[in-house]
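Undergrad: my questions concern the predicted model and sequence given below.
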Amino acid sequence: MTLRWPWSADNELATSFVVIGCGRFGSAVCGELVRSGANVLAIDQSQKAIDDLQQQEPTLEARVVDGTDEEALRAAGVLDVGTVVVAIGTPIEASITATLIVKDSQGSQVRQVIARATSDLHEKMLSRVGADRVVFPSKMQGLRLGQELVRPNLLERLPIDACNSIEEIRVPEAFIGRSLGELNLRKDYNVSVLAVGPPHQLMVNPTAAHVLKANDLMVVMGPCDVLAGLSGPRRR
């Protein structure tokens, strides 16, 4: 028997909402929904974030739940609402995972997923896993001419911390015609391949048997110095 939190979605899915992630953006969404009289559940894996939110909105139902744990989300009733707002900004893996779970889990009644993105690459990944709408509450853009000149294969970059990043790159020439299993990037270089494929047709979480082709794109995560080598000048 599955235990659920003492909260349940309204019978009318259209008036039931869950907000995953209670930072500044998520808290603002919760406040507006509460003031509109909607039935809202806010969740975050941080007890402090939940405590801060409940100080702002004492009547709001808020719980500590891991947004990347399918069973925890199901037990909390997250999959029983009409709309889920994935307000997680970072780490982006968490927001992508949460979006995929609420959209594709068996028995999910969620009709709409609105997800927060922090970059163009993040937006693409969220759209690939099923987000119906992606918003940029604090989108930051800037020119990277110097970086692009020395790394022509680099298309998009999202820093994770001082040493690691997620990047969208063109498949290096040395990789063309080889499978991901053969390259074994995770073991040999500590690089994870999150998605691969032609532009606008990326396959999320590709298998080891996937063979890389010319003009394909790769979304990779790993140490910045290693990724710099992958997206450096093309060899002739």
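TA: Received it, and whenever you're ready, just let me know what you need.

Undergrad: can you show me the strands along the chain?
TA: For the chain, strands defined by DSSP state E occupy the ranges 16-20, 39-44, 61-64, 83-86, 112-116, 133-135, 154-159, 164-170, 192-197, 203-204, 217-223.

Undergrad: in the sheet, who's paired with residue 170?
TA: residue 217 (DSSP bridges).

Undergrad: so it makes contact with residue 231?
TA: Yes. Counting by C-beta atoms under 8 Å, residue 170 sits close enough to residue 231 to count as a contact (7.5 Å). Placement of C-beta: from N, CA and C, glycine included.

Undergrad: comparing the two, which residue is more hemmed in?
TA: Counting neighbours by other C-beta atoms under 10 Å for residue 170 and for residue 231 shows that residue 231 has the greater number, 23 against 19.

Undergrad: how near is that one to residue 108?
TA: 37 Å (C-beta to C-beta, to the nearest Å).

Undergrad: and the residue nearest to residue 33 when sequence neighbours are not counted, what does it touch?
TA: Sequence neighbours aside, residue 40 is the residue nearest to residue 33 in space, at 4.6 Å (criterion: C-beta to C-beta, 6 or more residues apart in numbering). Counting by C-beta atoms under 8 Å, 6 or more residues apart in numbering, residue 40 touches 16-19, 30, 33-34, 60-61.

Undergrad: ditto for residue 85
TA: Residue 85 neighbours (C-beta under 8 Å, 6+ apart): 17-20, 26, 29, 113-116.

Undergrad: could you dump these to a markdown table with neighbour count, pLDDT and distance to residue 134?
TA: As requested, the contacts of residue 85 are exported to a markdown table (neighbours: other C-beta atoms under 10 Å; pLDDT from 0 to 100; distance: C-beta to C-beta, whole Å):
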| residue | neighbour count | pLDDT | distance to residue 134 |
| --- | --- | --- | --- |
| 17 | 25 | 87 | 17 |
| 18 | 29 | 92 | 17 |
| 19 | 27 | 92 | 16 |
| 20 | 31 | 96 | 14 |
| 26 | 24 | 86 | 15 |
| 29 | 22 | 83 | 14 |
| 113 | 25 | 92 | 9 |
| 114 | 19 | 88 | 8 |
| 115 | 29 | 90 | 5 |
| 116 | 28 | 88 | 8 |
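
Undergrad: show me the protein divided up by domain.
TA: 13-135, 145-230 (automatic domain parsing).

Undergrad: which one of the ones you listed is the most hemmed in?
TA: Highest mean neighbour count among these (mean count of other C-beta atoms under 10 Å): domain 13-135, with a mean of 19.

Undergrad: what's the spacing between that domain and its chain's center?
TA: Distance, stretch centre to chain centre, for domain 13-135: 12 Å (C-alpha atoms, centre = their mean, to the nearest Å).
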